[in-house]
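S.K.: For reference, the sequence and a predicted model appear below.
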Number of protein chains: 2
Amino acid sequence: MNAPASNLTINGTRLWDSLMALASIGATPKGGVCRLALTDLDKQGRDLVVSWAREAGLSITTDKIGNVFMRRAGRNNALPPIATGSHIDTQPTGGKFDGNYGVLAGIEVIRTLNDHNIETEAPVEVCFWTNEEGSRFVPVMMGSGVFAKAFSLETAYAAKDTTGATVRDELARIGYIGDQEPGDHPLGAYFEAHIEQGPVLEDADITIGVVTGVLGLRWYDCVVTGMEAHAGPTPMALRKDALQIATKIMQETVAIALRYPPYGRGTVGMVHVHPNSRNVIPGQVKFSIDLRNVDSTRLDAMDGEIKAFVKQCADESGLGISLEQVSYFPPCPFEEGCVTAVREGAKNLGFSLMDVVSGAGHDAVYMARLAPAGMIFVPCKDGISHNEIEDAKPEHLEAGCNVLLHAMLDRAKRV
Amino acid sequence: MNAPASNLTINGTRLWDSLMALASIGATPKGGVCRLALTDLDKQGRDLVVSWAREAGLSITTDKIGNVFMRRAGRNNALPPIATGSHIDTQPTGGKFDGNYGVLAGIEVIRTLNDHNIETEAPVEVCFWTNEEGSRFVPVMMGSGVFAKAFSLETAYAAKDTTGATVRDELARIGYIGDQEPGDHPLGAYFEAHIEQGPVLEDADITIGVVTGVLGLRWYDCVVTGMEAHAGPTPMALRKDALQIATKIMQETVAIALRYPPYGRGTVGMVHVHPNSRNVIPGQVKFSIDLRNVDSTRLDAMDGEIKAFVKQCADESGLGISLEQVSYFPPCPFEEGCVTAVREGAKNLGFSLMDVVSGAGHDAVYMARLAPAGMIFVPCKDGISHNEIEDAKPEHLEAGCNVLLHAMLDRAKRV
């Protein structure tokens, strides 16, 4: 990693200290963080970030789903703000960086602009979105989804956790129901810095991932129904072995992904075998299929292949097979201008860089429906996230924040 | 099915009535039976069978593991008895015929000999073995296993059910600990009539299965260890997908069985995927492998093939794979004389017949270690057993009992 080629840089130590301070709220013994959405700990985390924003002179707006927008005025405040952000809720056994990095990198950008008395044409905003993780309340990416009108405020409000508490009640309880209608808040552009949550950058020894888009995904539930029978007395020819057919489809799921490189992905993550007894031929197998790709043409082709293969298996075996799509996110290419701003920022700062795609969803996917959007990835150790051992190097986090600073300045127009 | 060609036949109605009377003890609402080993219901069932034996003039011996031997004297009582039997304990959701048929067919043979004042050279015995099912206490085939010294009386006595009750205590409680040392009871030959518990006879529309032997089996636990990772951000080339390798081995398990026809059998019945989450690449998969065949040469060859394939998968994938054999029963061919007695009996009676093997274990497997042994199978509906809907036709049960009668007379030598 070369030294930054630009004079203007953020304060990496201050960024790290802020990350560690926020990570102390809900810290787990194994070094991770458990700060589930809309809990008392989430309130403490939100309050801390908001206090830092006030110290930095930002004005605060909260919307009805609890998304928080922290604005630094520009020269022309009629312009929509150039925004950045992410989320601060975590998984039950989450890490210190997922989401939190994107929000605190935004705060650090603001502090740097303040340090250097830099004025921008458009206002600059840092925001955090409610319940991105979806661990306590589904759906995931709730705050940004309501903001982008992917689903209604009422739907989000009615979501319950396992104890029966609703999003609306919990938002009210922690004091984060604002006045603003979600989405009633124009954005000029949106950037999000994030740890990669995958192994690509580390594997290639690259500091900055210029995210060109987010993979689309199709999730399916597949159920193969045969006939359970004793493993001993039933000859091979008289069997209706549901697992034997199911494992063919599981193999094909991976084979399909390999036929659509470089971004095709196919995963079977969940399998339930019935009756799941050592000496009984399985009568039914239920499993999940997860297919992803970078553009709709390829993802649709993968969809066609899995459907055709399942039909072929059903025809050949005589077994009942159902394949139901249970979730769909279309591929999300980021706006070329934002992608270029990230790429040029990394180049000008002298960091190693490569174009990457995001395999996982982020709040930026919903923002891309409303405004030009882009993302910056930095490596995380062993590609591990959603885990208490999630880790990232301070110099990588600092580098990503510097790229964010320059991409935002490019877009907000430094005066 | 033709009419019997022999004059001497059992009373099919009496056999059926006895089956239904015994099935009423522990009858379930769905038409099955729940009479677990060494429960109060088992005691009631044992008492009923013993009362019938006394009515038929038989002398009763009980051994220390609760096996019961009911003897009809022969002309030469120094000869070891020609025995038949099975078990009367059932699965929790068991049927009316599994085991019970073999015991009551024996009682019906005795009643028929009595009806016709037939004397035999050797004594004739009916026995029932303790805890064949293994549902409440493991191991399965406990009474016959102790009798054959496959494991010790102490081991069996110490076995506990889920409440902590031991076999010894429960045997004592229901009054079925006898004086005789298990195995201290020579047998001249042993026959066992049983429902097939598989689909072969019904599929071929055959009344009598002449059982030539019991398949040997090897049970394995296989564990594939990869690396769990997010399904979205992890490119195919950087994955260590444990399920992708495990499903190859599952497919091969079936392929191996198909390469060793006609008796090769390969089953994966139990699968546990970790962490079993829709969007996480499985980090570990544990599953069972069940291989069976009719002779040791072929079963050993199958064993060699699965081991070689697992090694090849480990070498090619770089993933950790363990394969541990957890159970082994060698193939058990039945004595040619007993098999012939069954075959000739069925032929002389005019029944359709075919040679079959037993895929499942039976008490006869242990008896075959001690004496010439053979089995008679009759069809059961849809091949279903260990299920409350287990069913068999009265005429098939009657036919099997007639074959048993003539096979035993052949061996015990009608005077």
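M.R.: The structure has been received and is ready for your questions.
S.K.: Name the residue of the stretch 251-400 of chain A that lies nearest to chain B.
M.R.: A:G359 (3.2 Å; Cβ to the nearest Cβ). Where C-beta positions appear, they are placed from N, C-alpha and C, glycine not excepted.
S.K.: Count residues in the vicinity of that residue, would you?
M.R.: A:G359 has 23 neighbouring residues, counting by other Cβ atoms under 10 Å in any protein chain shown.
S.K.: What values do phi and psi take at A:F137?
M.R.: phi -130, psi 130 (degrees, to the nearest 10).
S.K.: pLDDT score assigned to the closest residue to it other than its chain neighbours?
M.R.: Of all residues not flanking A:F137 in the chain, A:A159 sits nearest, at 4.3 Å (Cβ to Cβ, 6 or more residues apart in numbering or on different chains). Note for A:A159: predicted pLDDT of 97.
S.K.: Where does pLDDT dip in chain A?
M.R.: In the predicted model of chain A, residues A:1-6 satisfy pLDDT under 70.
S.K.: got the buried residues for the helix ranked longest in it?
M.R.: Identified as the longest helix of chain A according to DSSP state H is helix A:296-317. Going by neighbour count (16 or more other Cβ atoms under 10 Å in any protein chain shown), the buried part of helix A:296-317 is A:R298, A:L299, A:M302, A:D303, A:E305, A:I306, A:F309, A:V310, A:C313, A:A314, A:S317.
S.K.: Excluding its own residues, what touches it? List them.
M.R.: Helix A:296-317 is contacted from outside by A:216-218, A:220, A:222, A:224, A:240, A:245, A:248-249, A:252-253, A:256-257, A:259-260, A:263-264, A:266, A:289, A:291-293, A:319-321, A:323, A:325, A:330-331, using Cβ atoms under 8 Å, 6 or more residues apart in numbering or on different chains.
S.K.: Same question for stretch A:137-157.
M.R.: A:37-38, A:63-67, A:87, A:129-134, A:159-161, A:166-168, A:171, A:182-183, A:185, A:361-363, A:365-367, A:369-370.
S.K.: Can you give me the end-to-end span of it?
M.R.: 10 Å (Cα to Cα, to the nearest Å).
S.K.: returning to what we had before: would you check that the residue nearest to A:F137 makes contact with A:D169?
M.R.: No - applying Cβ atoms under 8 Å, one finds A:A159 not in contact with A:D169, separated by 10.7 Å.
S.K.: quick one, which of these two is more surrounded?
M.R.: For the pair A:A159 and A:D169, the greater number of neighbours falls to A:A159 (19 against 14), based on other Cβ under 10 Å.
S.K.: Okay, the more buried one and A:C34: tell me how far apart.
M.R.: Distance, A:A159 to A:C34, by Cβ to Cβ, to the nearest Å: 20 Å.
S.K.: do the same with A:Y157
M.R.: 24 Å.
S.K.: Now for the most centrally placed residue in chain A: which residues touch it?
M.R.: Chain A has A:H362 as the residue nearest its centroid, 2.9 Å off, counting by Cα atoms, centre = their mean. Each residue near A:H362 by Cβ under 8 Å, 6+ apart is listed here: A:S86, A:E132, A:M141, A:E192, A:H194, A:V214, A:M375.
S.K.: which ones among those residues are found in strands?
M.R.: A:S86, A:E192, A:H194, A:V214, A:M375 (DSSP state E).
S.K.: Those into JSON lines, with extra columns for neighbour count and distance to chain B?
M.R.: What follows is these, written out as JSON lines (neighbours: other Cβ atoms under 10 Å in any protein chain shown; distance: Cβ to the nearest Cβ, whole Å):
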{"residue": "A:S86", "neighbour count": "26", "distance to chain B": "16"}
{"residue": "A:E192", "neighbour count": "33", "distance to chain B": "15"}
{"residue": "A:H194", "neighbour count": "28", "distance to chain B": "10"}
{"residue": "A:V214", "neighbour count": "26", "distance to chain B": "9"}
{"residue": "A:M375", "neighbour count": "32", "distance to chain B": "12"}
